[in-house]
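1. Sharing a model prediction with you, sequence too.
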Amino acid sequence: MTTSKRTAGEPPVGYDPSQFPAFAVTVDMVILTMSESSLHVLLVRRGEAPFEGMWAVPGGFKRPTETLDEAAKRELREETGVNAASLLTQFGAYGDPERDPRMNVVTVAYVAVLRDVGAIVAGTDAADASLVPVSDVLNGKLDLAFDHRRIVRDAIERVRVELEVAGIATAFVGATFTLAELRAVYEAVWGVQLDAANFRRSIVSEDGWVIPTGRRARPGPAGGRPAELYRAGRAWKHGGPIHLQRTDERK
């Protein structure tokens with residue numbers, strides 16, 4: 001009996017894709033940054049139906065010839081002008097049948113932390129693009145299209161964990177930073193107030209979390225001695241120096 005060898009990638013003989021329900025794949029990007037000591041997320045205002053005029057995270061449909069990562073980079077750049085290609089990380093997938101009124105759509109969500117998003121320019125089907133306080137999204141003050149509030153909430157939870165187990169805190173600040181700037185990251189992401197003296201003792205230690213640069217920041221409007229500038233040490237590669245004290249741990 002003679003058998004023909006199929007080329008790799010070819011469907012099996014007799015396979016009929018029309019026998020399976022069709023669905024689309026999209027990508028959605030949660031871009032987080034610090035602005036005026038508070039956590040902000042990059043949103044776009046939808047310029048077309050469904051949910052025309054509502055805010056949403058940047059995203060769109062994956063093209064047949066693209067990988068998921070390529071689609072995420074393209075959609076973010078086209079809708080906002082922001083380039084975060086090397087920083088986007090997948091953190092979840094959402095496929096509830098009713099999440100998109102157009103059809104059955106599965107979306108793959110990405111998160112990226114940027115120190116500076118740069119110039120924001122709305123493009124393609126986005127009527128506007130802007131940084132919005134995360135608190136306005138989480139508390140329901142700002143209603144988002146689709147299930148994007150859930151996606152933003154899940155991204156924040158991911159970053160909250162990353163503050164403890166990875167060096168993501170330093171991604172929010174510049175190459176040099178003050179301890180107050182670094183403390184503001186933890187306070188904004190965790191939604192807590194940290195004692196400045198205790199924070200300093202945890203960060204400025206022999207473990208090598210931060211390294212003094214010998215320089216100081218520019219004087220603030222209130223005057224006084226400018227704060228000392230630090231740079232991140234190698235210890236951040238192995239975790240984070242601050243751990244969130246949960247409610248059950250305080251009982």
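-> Okay, I see it. Numbers count the residues shown, from 1 in each chain.
2. Describe which strands the helix or strand encompassing residue 108 pairs with in its sheet and in which direction.
-> Assessed by DSSP states H and E, residue 108 sits inside strand 105-113. Strand 105-113 has the following strand partners under DSSP bridges: strand 24-35 (parallel), strand 89-94 (antiparallel).
3. closest one to residue 14 among the ones you listed?
-> Minimum separation from residue 14 across the strands paired with strand 105-113 (CB to CB) falls at strand 24-35, 25.6 Å. Using the backbone N, CA and C atoms, a C-beta is placed for each residue, glycine as well.
4. tell me the most buried of the strands paired with strand 105-113?
-> strand 24-35 (a mean of 21; mean count of other CB atoms under 10 Å).
5. Using CSV, list the CA coordinates for that strand.
-> Coordinates of each C-alpha in strand 24-35 appear next as CSV, following Å, rounded to 0.1, in the frame of the first residue of the first chain:
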residue,chain,number,x,y,z
ALA,A,24,-11.8,36.0,16.2
VAL,A,25,-8.6,36.8,18.2
THR,A,26,-7.8,40.2,19.5
VAL,A,27,-5.0,41.7,21.7
ASP,A,28,-5.4,44.3,24.4
MET,A,29,-2.6,46.2,26.1
VAL,A,30,-2.6,47.7,29.6
ILE,A,31,0.1,50.3,29.7
LEU,A,32,0.9,51.6,33.2
THR,A,33,3.0,54.6,34.3
MET,A,34,3.4,57.0,37.2
SER,A,35,2.2,60.6,36.8
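6. Which helix or strand lies directly C-terminal to it?
-> Where DSSP H and E defines the elements, the next helix or strand beyond strand 24-35 is strand 38-46.
7. now that next one: mean pLDDT?
-> Per-residue pLDDT over strand 38-46 has a mean of 97.
8. now the helix or strand following the strand holding residue 108 against strand 38-46, angle please.
-> The helix or strand immediately downstream of strand 105-113 is strand 126-133, counting by DSSP H and E. Comparing the axes of strand 126-133 and strand 38-46 via axes from the mean of the first three to the mean of the last three CA atoms, to 10 degrees yields an angle of 160 degrees.
9. helices or strands up against strand 126-133?
-> Strand 126-133 is packed against strand 38-46, helix 68-80, with contacts defined by 3 or more CB pairs under 8 Å, 6 or more residues apart in numbering; DSSP states H and E.
10. Mind checking these for the one nearest to residue 57?
-> strand 38-46 (6.3 Å).
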